[in-house]
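> Build me a model from this:
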Amino acid sequence: MLKSHHLRRYLPVALLLLVLIVTAAIGHAQDAGDAGGATNQEQQKNIFQTIKEGGALIMFIWIAILGTSVTMVTFIVQGLLTLRKDRLAPPPLVESLRQTVASGNYQEAWEICNANKNYLANVLKAALSRIGRGKEAVEEALTEHGLREATILRTRNSYLSVIGVVSPMIGLLGTVIGMIGAFSVLGASGISDPRALAARIGEVLLATASGLFIAIPAFVFYYVFRNLTQACVVHADDIVNELVQDIPYEELDGMRIGEEFSSGAGAVLGGSRKVSMALTTNCPVCNGSVAPGVNPCPHCGATLDWAG
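Residues are numbered from 1 along each chain as shown. Prediction:
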C-alpha cells in the first residue's frame with residue numbers, strides 16, 4: 001500500500017493528469033452536443049447538475065468513480081517513476097558494494113545496505129547478516145528476502161487490477177439506479193416526450209462509460225507493470241548473486257554481521273586484519289607467507305594488526 005509520503009509526492013501529478021483527461025472528455029461531449037444541434041435547455045444540463053439531481057446515492061457513486069480514477073492515476077505515476085532497473089539496483093550503489101565486498105569489508109557493505117532502501121540493498125543486507133552461517137544460509141536469505149521484496153512490488157501493482165474490476169461495476173450500479181428512476185418516470189407519465197426520455201437514459205449510461213474509461217487503462221498498465229516488475233527483479237537478483245558468489249564462506253565461519261557485529265574467525269572491518277604473532281605467519285587475506293610483525297602484507301598489501 002502507498003505510504004503517506006508517497007501519496008503526497010504522486011497525488012498532485014495524478015490530479016493534474018485527471019483534470020486534463022476530464023477536461024478533454026467534457027470538451028468532446030460538448031462538441032458532440034453542438035454537432036447534434038440540441039436546442040432544449042433541459043437536455044444541455046451539465047454532468048454536475050445531473051449528479052446533484054440524482055440524489056445522495058448517485059452522488060456517492062460518482063464520488064466513488066472519481067476516487068478510483070484518482071487512485072488509478074496515482075498508481076500509474078508511481079509505477080512509471082519507480083519500476084526501473086536503476087531504482088531497484090542503482091549503478092552507484094552496485095559499484096560501491098562490489099568494491100566493498102571484493103575487499104572483504106562485509107560489515108561496511110552491510111552498513112551501506114542499511115543506509116539505502118531499495119530492492120538490492122534489502123536483499124543483500126539480509127544475506128550479509130547470515131554470512132557466518134555458511135553458503136546455504138546466505139542462499140536461503142537471498143531466496144526468502146528476494147521473494148518478499150518482489151511480492152511487495154507485485155502487491156502494489158495488483159491494486160490496478162482491482163481498480164480495473166471494480167470501476168465498471170460501480171459505473172454499472174450508477175446506470176442501473178438511474179434507469180430505475182427513468183422508468184419510474186416513464187411509468188407515471190407515459191411516453192409524452194421521447195426525446196427527454198432518451199436524454200435521461202443517455203445521462204445514466206454515462207456512469208457505465210466512466211467506469212470503463214477507468215478500467216481500460218488500469219488493466220493495460222497492470223500488465224505492463226507486471227512484466228516490467230519481473231524484468232527489474234531478475235536484473236537485481238543477477239547483481240546480488242554476482243556480489244556474493246566469491247565470498248570465502250569457510251574463512252568467515254562464526255562471523256556475525258549487522259548491528260551485533262562480531263569478528264568470529266575471519267572478520268574484516270575497515271581494512272584491519274588481526275593476526276596472532278604466536279599462531280600464524282600467513283596473511284589471512286591472501287594466505288601468503290609473512291614474517292611476524294611485518295606490516296602491511298608484502299603479497300596483497302593488506303594492513304595487518306599483529307597481536308602478541
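> okay, now Ala89: neighbour count?
24 (other C-beta atoms under 10 Å). (Each C-beta comes from the backbone N, C-alpha and C, glycine too.)
> quick one: it and His235 touch, right?
Yes. With contact defined as C-beta atoms under 8 Å, Ala89 reaches His235; the gap is 6.4 Å.
> Can you tell me, leaving aside adjacent residues, what's nearest to Glu149?
Nearest non-adjacent residue to Glu149, counting by C-beta to C-beta, 6 or more residues apart in numbering: Tyr119, 4.9 Å away.
> ok now do Gly79, which residues does it touch?
By C-beta atoms under 8 Å, 6 or more residues apart in numbering, the contact list for Gly79 reads 156-157, 160, 221, 225, 228.
> Distance-wise, check it relative to Tyr249.
For Gly79, the distance to Tyr249 equals 38 Å [C-beta to C-beta, to the nearest Å].
> now swap in Met179 and tell me
According to C-beta to C-beta, Met179 stands 69 Å off from Tyr249.
> With Glu108 instead?
Taken as C-beta to C-beta, the span from Glu108 to Tyr249 is 18 Å.
> More neighbours: which of those two?
Using other C-beta under 10 Å as the criterion, Glu108 and Tyr249 rank with Glu108 on top: 20 against 17.
> Assess the claim that the more buried one and Thr100 are in contact.
Yes. Using C-beta under 8 Å, Glu108 is in contact with Thr100, at 5.3 Å.
> Spatially, what comes nearest to Ala231 if we skip its sequence neighbours?
Counting by C-beta to C-beta, 6+ apart, Lys85 is the residue found nearest to Ala231 once chain neighbours are left out, at 7.6 Å.
> surely the one you found meets His235?
Yes. Here Lys85 reaches His235: they are 4.9 Å apart, a contact under C-beta under 8 Å.
> Low-confidence ranges, the stretch 201-308 of the chain, go.
Within the stretch 201-308 of the chain, the segments meeting pLDDT under 70 span 261-282, 284-287, 290, 292-293, 305-308.
> Break down it into its strands, ranges please.
Secondary structure of the stretch 201-308 of the chain (DSSP state E, counting those that start in this stretch): strands at 272-276, 303-307.
> so what's the residue nearest to Ala231 up against?
231-232, 235-236.
> for Leu57, helix, strand, or coil?
helix (DSSP: H, G, I helix; E, B strand; the rest coil).
> how close does it sit to Ala137?
As judged by C-beta to C-beta, Leu57 and Ala137 stand 58 Å apart.
> For the two, work out which one has more neighbours and name it.
For Leu57 and Ala137, the more surrounded residue by other C-beta under 10 Å is Ala137, and the numbers stand at 15 against 12.
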